[in-house]
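S.K.: Structure for the following, please:
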Amino acid sequence: MSKVKKIIIIVLSIILIITLTILYSRFVATTGLKIKEYKIEDKIFKDNFHGLKIVHISDVHYLRTVKKNELINIVEKTNKLNPDIVVITGDLLDKDMKLNEKSTNTIIEELSKVNATMGKYAITGNHDVVHEEWESIINNSGFVNLNESYDTIYNTNNDIIFIGGVSSSINDKKTKFDDKINTVLNKLNEEINNNQDKNIYKILLMHEPDYVKNFDYKQFNLILSGHSHNGQINIPIFKNFFLPKGARKYYKDYYKLDGTDLFISSGIGTSKINFRLFNKPSINFYRMTNI
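M.R.: I've put the predicted structure just below:
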């Protein structure tokens, strides 16, 4: 075989591999739904919330690669896990996708079917904030809007789960993140002062994980976040080019920050480009258990 033929074969092989990789990352890697299961251990669960189950959904970016059928699948798989709490940590919607009445009603109809024994909660991501419909979608589908707010969940022993949330801050020119988190921390301190005889397990929802460096995260036992997609194109070296602002320091699926657990969802949909590689769509499933 001549040298020219060898070069032609090599070039054609490279082109074929690149083409197949592009087709795979667009039409195969963006489909399906993986469930990532984690066990969270804490002595507080011994007599109160042992066995509690949380489903964590993030970065759906509805109407990009996630359409109605995919949304139905998300809801069905969530309900099969029989969660006590379901949370959405932002970017349910996508800033480049225009919603009409039909698509808005579809989201409400499907999310209304999500079952949780204790509560359903959501915060905005940076894509959600451009959609005026976000708040009505969340409210009409039975979720609690936790932007700069909180809820308390009691068990039979009257011990408490405090769950607070902060809205996306990356493009918010009106309210600084520090002001948002201080609003939640003030509420947390009130709950602690008013319930000194009770155990309180403290959860925070936030979209952009890099903001954990802006406050004393040790005040929370568990922080759930999204935004990074864990690297939508998950190729070493190249992955960093696809990490968004607000998720460049913390972007992996899990960090142990002193005594605080930080989980970052790899998300379900796609942002900016409709490709995923080595990073299948997923939801996180947490089981709380005693140490």
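
S.K.: which regions of the stretch 151-291 of the chain sit below the pLDDT cut-off?
M.R.: 156 (pLDDT under 70).

S.K.: Helices along that one, start to end?
M.R.: Here the stretch 151-291 of the chain has its helices, by DSSP state H, counting those that start in this stretch, at 177-194.

S.K.: any low-confidence regions in the stretch 1-150 of the chain?
M.R.: 1, 46-47.

S.K.: Who are the packing partners of the helix or strand harbouring residue 120?
M.R.: Using DSSP states H and E, residue 120 sits within strand 119-123. Applying 3 or more Cβ pairs under 8 Å, 6 or more residues apart in numbering; DSSP states H and E, one finds that strand 119-123 makes contact with strand 85-89, strand 144-145, strand 149-154, strand 160-165. (C-beta placed from N, C-alpha, C; glycine too.)

S.K.: quick one: contacts for the most centrally placed residue in the chain?
M.R.: What sits nearest the mean C-alpha location of the chain, by Cα atoms, centre = their mean, is residue 58, with 2.9 Å. Neighbouring residues of residue 58 by Cβ atoms under 8 Å, 6 or more residues apart in numbering: 88, 89, 90, 91, 125, 225, 226, 227, 265, 267, 268.

S.K.: re earlier: what would the helices and strands packed on strand 119-123 look like in CSV with distance to residue 211 and mean neighbour count?
M.R.: Formatted as CSV, these follow (distance: least, Cβ to Cβ, whole Å; neighbours: other Cβ atoms under 10 Å):
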stretch, distance to residue 211, mean neighbour count
strand 85-89, 12, 28
strand 144-145, 19, 16
strand 149-154, 17, 17
strand 160-165, 12, 25
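
S.K.: now the ones you listed in a markdown table, with distance to residue 216?
M.R.: Formatted as a markdown table, the helices and strands packed on strand 119-123 follow (distance: least, Cβ to Cβ, whole Å):
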| stretch | distance to residue 216 |
| --- | --- |
| strand 85-89 | 20 |
| strand 144-145 | 25 |
| strand 149-154 | 17 |
| strand 160-165 | 14 |
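
S.K.: Which one of the ones you listed lies nearest to residue 45?
M.R.: strand 160-165 (10.4 Å; Cβ to Cβ).

S.K.: Name every strand pairing with the closest one and say which way it goes.
M.R.: As defined by DSSP bridges, the strand partners of strand 160-165 come to strand 149-154 (antiparallel), strand 200-205 (parallel).

S.K.: and the closest residue to residue 287 other than its chain neighbours, what helix or strand is that in?
M.R.: Sequence neighbours aside, residue 39 is the residue nearest to residue 287 in space, at 5.3 Å (criterion: Cβ to Cβ, 6 or more residues apart in numbering). Here residue 39 sits within strand 34-41, counting by DSSP H and E.

S.K.: Which helix in this structure has the most residues?
M.R.: Determined from DSSP state H, the single longest helix within the chain is helix 3-27.

S.K.: give me every residue that touches the residue nearest to residue 287.
M.R.: 286, 287, 289.
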